[in-house]
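Q: My questions are about this predicted structure, shown below with the sequence.
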Amino acid sequence: MTKTISEPFWVRALLIGVALVFLGLFLFVPMAAVLAGALKKGVAVYLQSLADPETLASIRLTLLVAAIVVPLNTLFGVAASWAITKFDFHGKNVLLTLIDLPFTVSPVIAGMIFVLLFGAQSVLGAWLIDHGIKIIFAVPGIVLATTFVTFPFVARELIPLMQSQGIEEEEAAMTLGANAWHTFFRVTLPNIKWGLLYGIILCNARAMGEFGAVSVVSGHIRGLTNTMPLQVEILYNEYNFAAAFAVSSLLMMLALVTLAVKQFIEWKSKSVSIRAVFEGSESA
């Protein structure tokens, strides 16, 4: 019989109370403040703020960048995870270290790296200008910076999962005559689908909310290179608080939707794992 440790009621109440106070101060109160600021002047002003052409342009740009960055990072994450967990090769530890690099580098520094590489005063700057290629202060620079700061998310979700699964199923499939593509799509991908979706959700959330790196490479050109976080900063600095809070509320709602999808994926993944264990015990 296993023994369970039960803390006194006052200890449990204290810990729960501290957690609730912390969540209230750092989560619920800011969210309520954003909603109150967004609706302070009424629903009509709120909708008018979101319908502003510059705000609409920032929304479109944010969605465009996410639509480009997330698939790229998904392909990279799956390929890197498959290579790291299924094969032995020289430089594996170096690749793992490089994947973690964006977690250790400030986003502002990441943006400066691209400015130094592709800016007008860089080594490549004159060549890019001569060929009419604009990267910095344009959409390509924003995509590059966002890709850099978000590329670890999918890989870092998949690597531990695929390591725990081992390579036995893939080896069995190849022994039965399946090629690499069939093995991946019929064996590997179904086993990692929930972890993959989880990583995609996190990557998408960071891509839409990235500020530091994008701020450096965007140039803050109204209606062209301002994403939603940058638009919030500009509106707030202009004392247009209602519009700033309106765009912030839209970002907040996107975050809540992301959180809901994340929780669903976690629940679904756990239920699938429990069912697999139950079926395995029944077959045994």
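A: Now that the structure is in, tell me what you want to look at.

Q: Which residues are in contact with Pro53?
A: Contacts for Pro53 (Cβ atoms under 8 Å, 6 or more residues apart in numbering) come out as Gly223. Where you see a C-beta, it was placed from the backbone N, CA and C, and this is true even at glycine.

Q: what separates it from Thr227, distance-wise?
A: 15 Å (Cβ to Cβ, to the nearest Å).

Q: How about Val123: what's its closest non-neighbour residue?
A: Distances taken as Cβ to Cβ, 6 or more residues apart in numbering put Leu117 closest to Val123, at 7.9 Å, once the chain neighbours are dropped.

Q: what separates stretch 177-195 from the chain centre, distance-wise?
A: Distance, stretch centre to chain centre, for stretch 177-195: 24 Å (Cα atoms, centre = their mean, to the nearest Å).

Q: in it, what's buried?
A: 178, 183-184, 187-188, 192, 194-195 (16 or more other Cβ atoms under 10 Å).

Q: Mark out where each domain of the chain begins and ends.
A: 1-39, 42-283 (automatic domain parsing).

Q: Which of the helices and strands in this structure ranks last by mean pLDDT?
A: helix 241-283 (a mean of 76; mean pLDDT, DSSP states H and E).

Q: neighbours around Arg12, how many?
A: Here the number of neighbours of Arg12 (other Cβ atoms under 10 Å) works out to 11.

Q: Helix or strand: which one has it?
A: Using DSSP states H and E, Arg12 sits in helix 9-23.

Q: just to revisit the earlier point, and the domains of the chain, which one averages the lowest pLDDT?
A: For the domains of the chain, mean pLDDT drops lowest on domain 1-39, to a mean of 82.

Q: got the buried residues for that one?
A: 34-35, 37-38.

Q: Those residues: which two are farthest apart?
A: Using Cβ to Cβ, the buried residues of domain 1-39 span at most 7.4 Å, a distance reached by Leu35 and Gly37.

Q: and His90, how many neighbours?
A: 6.

Q: cool, and Ser164?
A: Ser164: 8 neighbours (other Cβ under 10 Å).

Q: Next, it: secondary structure please.
A: What DSSP: H, G, I helix; E, B strand; the rest coil gives for Ser164 is helix.

Q: cool, Lys41 as well?
A: Going by three-state DSSP: Lys41 is coil.

Q: who touches it in this structure?
A: Ala242.

Q: check contacts around the residue nearest the centre of the chain.
A: Taking Cα atoms, centre = their mean, the centroid of the chain lies closest to Cys203, which sits 2.1 Å from it. Applying Cβ under 8 Å, 6+ apart to Cys203 gives the contacts 69-70, 73-74, 77, 150, 153-154.
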